[in-house]
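Engineer: model the structure of this input:
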Amino acid sequence: MIRLDIPSLEIFVAAVDEKSLSRAAERENVVTSAASKRVAELERQVGTLLLRRHGRGVEPTPAGAVLYQRAKAILRSLRLAEDAVAAFSPQGVPRIRLAANRSTIIQFLPADIAGFLAGQPGTHIDLLERVSGDIPRLVIEGEADLGIYHATSDSPGVASFPYRTDRVTLVVPRRHRLAGRESVFLEEAIDDDFIGYFPRHSYEAFLDLAQRSLSRPLAVTFQVRDYEARCSMVAEGLGIAMIPEQVAQAHIKSLGLVRLGLEDDWATRQFFVCVRDEASLAAPAAALLAFLSSTGTARPARAGKRR
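Structural biologist: Numbers count the residues shown, from 1 in each chain. The predicted structure follows:
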């Protein structure tokens, strides 16, 4: 009986997908020579040529094309098995790995998770805080069962469902020249110094979007990740800041700040909840997906195309 090892099958499938052994090696995080040896050993084991090498790369032989389809099915079954086992903690309790950005964790998830667990007693949720740009990748790579991210449209490679929206506001000191207004356009504050965000924070791409509507770039004097610290800096007169409405509401009274609505269209942000493959979700994760998507607009976004 031929015994085929999983790493060799993964490299073989990657080589057919990428039409190149070097790109397959890069995808599987091995050197090209190691990938080539894996494929050669696989060919020795099955007793036939699987890849035809040429100047442009590689392509499967007829035997290789058959193995490619079977190997993909094997690897998919293995991933499903790993996901099924990962759905339980070491103590056998149902477990869900949920990745979300900071805004979502602060504004929405405490109440939503409490509501979900009230109907799913005994379920354990591992909540991973990540920046929005990384979350779909974590879901695609199987490091999270579900992800919640902010974007102007749903991300490719995952199936996304509308979750919630929030609105970004402008936080200023009480004696600021705009403090008497209920709402403003961001352009009206363009002469002020701004308290910004660490690079790759989930707001970074949002700020880039916001600045497209301005006559010149914002003057960002500090970059601070923590919302409370940002509000404290505003209170000390170090600048003004854009902060999600519900987050700002928690800090403005104690720090003597004023929250101004932003009239710009981009000030409303859409959050999505995403999965790699809805059909393969374990029951606890599927239940959480249904619960979270029902709190949003209750209509599924289109499934993003896989890359």
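Engineer: OK, contacts around Gly147?
Structural biologist: Leu98, Ala99, Ala100, Ile135, Pro136, Leu138, Val139, Val158, Val273, Cys274, Val275 (C-beta atoms under 8 Å, 6 or more residues apart in numbering). From N, CA and C alone the C-beta is placed, and that goes for glycine too.
Engineer: which of those are buried? Put it as a PyMOL command.
Structural biologist: The PyMOL selection below is limited to those of the contacts of Gly147 classed as buried (16 or more other C-beta atoms under 10 Å):
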select buried, resi 98+99+100+135+136+138+139+158+273+274+275
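Engineer: make a markdown table out of the contacts of Gly147 and add pLDDT, distance to Glu182 and secondary structure.
Structural biologist: Formatted as a markdown table, the entries for the contacts of Gly147 read as follows, by pLDDT from 0 to 100; distance: C-beta to C-beta, whole Å; DSSP: H, G, I helix; E, B strand; the rest coil:
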| residue | pLDDT | distance to Glu182 | secondary structure |
| --- | --- | --- | --- |
| Leu98 | 95 | 36 | strand |
| Ala99 | 96 | 36 | strand |
| Ala100 | 95 | 31 | strand |
| Ile135 | 92 | 34 | helix |
| Pro136 | 92 | 36 | helix |
| Leu138 | 91 | 39 | helix |
| Val139 | 92 | 39 | helix |
| Val158 | 92 | 38 | coil |
| Val273 | 95 | 32 | strand |
| Cys274 | 94 | 35 | strand |
| Val275 | 94 | 40 | strand |
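Engineer: nearest to Ala241 among the contacts of Gly147?
Structural biologist: Within the contacts of Gly147, distances to Ala241 taken as C-beta to C-beta reach their minimum at Ala100, with 21.7 Å.
Engineer: what bridges to that closest one?
Structural biologist: The partner list for Ala100 in beta bridges (DSSP bridges) reads Glu129, Ile148.
Engineer: name the nearest of the contacts of Gly147 relative to Pro62.
Structural biologist: Among those, and counting by C-beta to C-beta, the member closest to Pro62 is Val158, at 34.1 Å.
Engineer: ok, that closest one touching Pro136?
Structural biologist: Yes: with contact defined as C-beta atoms under 8 Å, Val158 counts as touching Pro136 (4.9 Å).
Engineer: how distant is stretch 124-140 from the center of its chain?
Structural biologist: 5 Å (C-alpha atoms, centre = their mean, to the nearest Å).
Engineer: where does the prediction get shaky in the stretch 151-300 of the chain?
Structural biologist: Residues of the stretch 151-300 of the chain that meet the criterion pLDDT under 70 lie in 197-211, 296-300.
Engineer: now with 90?
Structural biologist: Along the stretch 151-300 of the chain, segments meeting pLDDT under 90 span 151-157, 166-168, 195-228, 245-254, 264-269, 277-284, 294-300.
Engineer: and Ser22, what helix or strand is that in?
Structural biologist: helix 21-27 (DSSP states H and E).
Engineer: whatever helix or strand comes next after that helix - contacts with which helices or strands?
Structural biologist: As assigned by DSSP H and E, the chain's next helix or strand after helix 21-27 is helix 32-46. For helix 32-46, the elements it packs on are helix 6-18, helix 21-27, judged by 3 or more C-beta pairs under 8 Å, 6 or more residues apart in numbering; DSSP states H and E.
Engineer: helices or strands next to the first one in the packing?
Structural biologist: Yep, that's helix 6-18 we're talking about. helix 21-27, helix 32-46, strand 51-54, strand 57-60, helix 62-86.
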